[in-house]
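[1] Following is a predicted model, sequence given first.
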Amino acid sequence: MSLPPLVEPASELTVDEVRRYSRHLIIPDVGMDGQKRLKNAKVLCVGAGGLGSPALMYLAAAGVGTLGIVEFDEVDESNLQRQIIHSQADIGRSKAASAKDSVLGINPYVKVNLHEERLEADNVLELFAQYDLIVDGTDNFATRYLVNDACVLLNKPYVWGSIYRFDGQASVFWSEHGPCYRCLYPEPPPPGMVPSCAEGGVLGVLCASIGSIQVNEAIKLLAGIGDPLVGRLMIYDALEMQYRQVKVRKDPNCAVCGENPTVTELIDYEAFCGVVSDEAQEAALGSTITPKQLKEWIDADEKIEIIDVREQNEYEIVSIPGAKLIPKNEFLMGNALQDLPQDKKIVLHCKTGVRSAEVLAVLKSAGFADAVHVGGGVIGWVNQIEPSKPVY
């Protein structure tokens, strides 16, 4: 469905701006009026990572007048495979500052506002109120639900994207004209059920594919052209090179945008999404050791069985000496329990400690009362014990 333009046009374009945006101006659907609307628009990008990188670069190139960047992280070398707004020289810098430099390098006529803070329930409404449109480039469920609920409460449209390995999704959520994110996903998945990109990986170029779709939708909304992805979910399979669409209907029983909403103010989204399940937290209580403790046990030749619950490709990058690989799903399916030794203490680990805590809960319930897991996982091991090894 076509929607009215989100913003009013600016009073004029300068001679330099006319030259810069000439390829837009000769498109009848955009023209001078559409480009003036882009100039007058204020867009906030949540995140300057995989999706935020191409989104910010193309929003700047398109001539969006004001860009806001919400980002609290620093540039890490592992980011550079996909976060193309940053360079080798930016490693260790603020992602927000690095992104600003790149944006201004692309288009010096853009005003850039930096919000170098973590997006939280106590600041999101004030931040979002300053902008016409939100572009969501987050990679965790708690922040996605936070962004959605804030946009519904403020009646703001936002363009959503998601990436994982070779698969991407994109949509436009605007409760005034269609469904919101909760209409599509009323409840978050159980903790640990859906791996993050840090755990499962993502094809770098997939970020450009989904990020460019997000910018395309943002331009359409701002200028009031075309048929935005409101009420539609775009699904992209990069391996098969297939796009398909799924209709998303507004849920009259939606907790936040339905006829009788039960969520009328922002909530505790970490608790709502259960980043780590209650069972895992309880299992880890008093059964978490440090990498240094594990090293002491190894040196003392203690009777332990070290089990790595990551995936094969992660194990091949870096591993703790003597660790046996048994992926988490093998425990969740119950296939691995029968092969565990009864005469050794089981020591679990993963990348950072989240997955191993979930597996620890399974082992505790199966009677392995003295099992433990390594807080900080293999990343902690590398940082504290073997700094010469690679991290990912």
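    Noted; the coordinates are in hand. From a predicted model like this one, the values you see are computed outputs, not experimental measurements. Residues are numbered from 1 along each chain as shown.
[2] The residue nearest to residue 153 when sequence neighbours are not counted: helix or strand, and which one exactly?
    Of all residues not flanking residue 153 in the chain, residue 125 sits nearest, at 6.9 Å (Cβ to Cβ, 6 or more residues apart in numbering). Where you see a C-beta, it was placed from the backbone N, CA and C, and this is true even at glycine. Using DSSP states H and E, the element containing residue 125 is helix 124-128.
[3] What are the buried residues along that helix?
    Neighbour counts over helix 124-128 (16 or more other Cβ atoms under 10 Å) mark 124, 127, 128 as buried.
[4] What is the nearest of the residues you listed to residue 330?
    In terms of Cβ to Cβ, no member of the buried residues of helix 124-128 lies closer to residue 330 than residue 124, at 39.1 Å.
[5] ok, now which ones touch the closest one?
    When contacts are counted by Cβ atoms under 8 Å, 6 or more residues apart in numbering, residue 124 touches 146, 147, 150, 266.
[6] need the strands for the stretch 251-392 of the chain, in chain order.
    288-289, 304-308, 324-325, 345-349, 372-374 (DSSP state E, counting those that start in this stretch).
[7] and the ones you listed as a markdown table, adding distance to residue 261, mean neighbour count and mean pLDDT?
    Supplementary listing: the strands of the stretch 251-392 of the chain in a markdown table, determined by distance: least, Cβ to Cβ, whole Å; neighbours: other Cβ atoms under 10 Å; pLDDT from 0 to 100:
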| stretch | distance to residue 261 | mean neighbour count | mean pLDDT |
| --- | --- | --- | --- |
| strand 288-289 | 39 | 16 | 95 |
| strand 304-308 | 44 | 21 | 97 |
| strand 324-325 | 46 | 14 | 96 |
| strand 345-349 | 41 | 24 | 96 |
| strand 372-374 | 40 | 26 | 96 |
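[8] Give the residue spans of this protein that score low on pLDDT.
    The model of the chain has pLDDT under 70 over residues 191-193, 274-275.
[9] how about the longest helix that the chain contains: buried residues?
    Using DSSP state H to define each element, the chain has its longest helix at helix 204-223. By 16+ other Cβ under 10 Å, the buried positions in helix 204-223 come out as 206-223.
[10] one step back: tell me the one of the contacts of residue 124 nearest residue 45?
    residue 147 (11.3 Å).
[11] Assign a three-state SS to that closest one, would you?
    helix (DSSP: H, G, I helix; E, B strand; the rest coil).
[12] Repeat that for residue 246.
    For residue 246, the secondary structure call by three-state DSSP comes out as strand.
[13] quick one, phi/psi of the closest residue to it other than its chain neighbours?
    In space, and not counting its chain neighbours, residue 246 is closest to residue 233: 4.5 Å by Cβ to Cβ, 6+ apart. Main-chain dihedrals, residue 233, degrees, to the nearest 10: phi -110, psi 120.
[14] Show me where the stretch 251-392 of the chain has its helices.
    For the stretch 251-392 of the chain, the helices defined by DSSP state H, counting those that start in this stretch cover 269-273, 278-284, 291-299, 312-317, 328-332, 354-365, 377-384.
[15] Excluding chain neighbours, what is closest to residue 196?
    Closest to residue 196 by Cβ to Cβ, 6+ apart is residue 139, at 6.2 Å.
[16] In CSV, list the strands of the stretch 251-392 of the chain along with distance to residue 19.
    CSV is the format used below for the strands of the stretch 251-392 of the chain (distance: least, Cβ to Cβ, whole Å):
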stretch, distance to residue 19
strand 288-289, 61
strand 304-308, 57
strand 324-325, 58
strand 345-349, 58
strand 372-374, 59
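[17] Those: which one's closest to residue 280?
    strand 372-374 (9.3 Å).
[18] other SSEs contacting the closest one?
    strand 288-289, strand 345-349, helix 354-365 (3 or more Cβ pairs under 8 Å, 6 or more residues apart in numbering; DSSP states H and E).
[19] Of all those, which one is nearest residue 43?
    helix 354-365 (32.7 Å).
[20] So which residue is dead centre in this structure?
    Central residue of the chain (Cα atoms, centre = their mean): residue 139, 1.0 Å from the mean position.
[21] In contact with that one, which residues?
    Residue 139 touches 47, 49, 50, 163, 196, 197, counting by Cβ under 8 Å, 6+ apart.
[22] Can I get the buried part of the residues you listed as one ChimeraX selection?
    The ChimeraX selection below is limited to those of these classed as buried (16+ other Cβ under 10 Å):
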select :47,49,50,163,197
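[23] Tell me which two of the contacts of residue 139 sit farthest apart.
    Spatial extent of those (Cβ to Cβ) is set by the pair 47 and 196 at 13.4 Å.
[24] still on that earlier bit, which of the contacts of residue 124 lies closest to residue 332?
    If you rank these by distance to residue 332 using Cβ to Cβ, residue 146 comes first, at 28.0 Å.
[25] Spatially nearest residue to residue 207 (excluding sequence neighbours)?
    residue 50 (4.0 Å).
[26] isn't that neighbour right up against residue 80?
    No - assessed by Cβ atoms under 8 Å, residue 50 is found out of contact with residue 80, at 11.0 Å.
[27] What's the local residue count around the residue lying closest to residue 250 once chain neighbours are set aside?
    Nearest non-adjacent residue to residue 250, counting by Cβ to Cβ, 6+ apart: residue 179, 4.4 Å away. For residue 179, the count of nearby residues is 23 (other Cβ atoms under 10 Å).
[28] Contacts only, for residue 179.
    Here residue 179 is in contact with 173, 230, 231, 248, 249, 250, 251, 254, 257 (Cβ under 8 Å, 6+ apart).
[29] ditto for residue 6
    Here residue 6 is in contact with 37, 41, 132, 133, 157, 221, 222, 224 (Cβ under 8 Å, 6+ apart).
[30] how far away is the residue nearest to residue 250 from residue 173?
    As judged by Cβ to Cβ, to the nearest Å, residue 179 and residue 173 stand 7 Å apart.
[31] re earlier: gap between the residue nearest to residue 250 and residue 150?
    Distance from residue 179 to residue 150, by Cβ to Cβ: 16 Å.
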